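> sharing a model prediction with you, sequence too.
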Amino acid sequence: MEHFLACHQNAFDFFKAVPKKVMVDNLKSAVLKRIIGQAPILNPKYFEFANHCGYTIAPCNVGKGNEKGRVENAVGYVKKNFLAGLEITSFEALAPAVGHWLDTVANVRIHGQTHKKPIELFEKERPYLSPVPTNPYDIATVSQVRASSQFRISLDTNRYSVPAEYAGARLTVKCYPDWVCIYSKNKLVARHVRSYDRHQDFEDPDHPK
């Protein structure tokens, strides 16, 4: 969930604006259930995020791929025109390359359907967009855990240390895409870079002390 919300935040920060409406597919991060003849049941956290940012959620109808065709076409355009044949060494290296491609190719080309440059159409749309909230929404996924006798908490098969005095304690873990933050009540007691490897152990050298 934290990744889904972070993608939204990154998009809003990039455009420096929030649209009035966001159309989403029926993934569980957005829509929990669809019942024929009733409004879709939205994921409460996503609904709260949308209210915070100031947009309405418009889920696609089930089996109506045509409703999001433009999005899928855009993904295909990026794959065929930017990513094709590109060797990606890291996301850090990718970011400036994307920016250059957007500025010199994608956003200044004549679009096949609109017959206009995307950058020109965006400037016309900008006055209808809302500002990004001053206080960002806390996108973390929160869970309650108990630290082990080896003063570790487990997350996605990895183990992260906390100060030794918290061995066996009940703690709160807040997971962000890049960070794992561990709290005792409202006190931050440990923070680690989040790893997407498996079965790894991460110890802060100060924690055993």
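Cool, got the structure. Numbering: from 1, shown residues only.

> show me the contact partners of stretch 126-133.
Contact with stretch 126-133 is made by 12-13, 15-20, 52-55, as judged by CB atoms under 8 Å, 6 or more residues apart in numbering. (Glycine included, C-beta is placed from N, CA and C.)

> of those, closest to residue 147?
Using CB to CB, residue 52 is the member of those that sits closest to residue 147, with 31.5 Å.

> got a PyMOL select line for the buried ones in the contacts of stretch 126-133?
Command for PyMOL that selects the buried part of those, burial taken from 16 or more other CB atoms under 10 Å:
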select buried, resi 12+17+18+19+53+55
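
> Throw the contacts of stretch 126-133 into JSON lines and include secondary structure and pLDDT, thanks.
Converted to JSON lines, the contacts of stretch 126-133 look like this (DSSP: H, G, I helix; E, B strand; the rest coil; pLDDT from 0 to 100):
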{"residue": "12", "secondary structure": "helix", "pLDDT": "97"}
{"residue": "13", "secondary structure": "helix", "pLDDT": "95"}
{"residue": "15", "secondary structure": "helix", "pLDDT": "94"}
{"residue": "16", "secondary structure": "coil", "pLDDT": "95"}
{"residue": "17", "secondary structure": "coil", "pLDDT": "96"}
{"residue": "18", "secondary structure": "strand", "pLDDT": "97"}
{"residue": "19", "secondary structure": "coil", "pLDDT": "96"}
{"residue": "20", "secondary structure": "coil", "pLDDT": "96"}
{"residue": "52", "secondary structure": "helix", "pLDDT": "97"}
{"residue": "53", "secondary structure": "helix", "pLDDT": "97"}
{"residue": "54", "secondary structure": "coil", "pLDDT": "96"}
{"residue": "55", "secondary structure": "coil", "pLDDT": "97"}
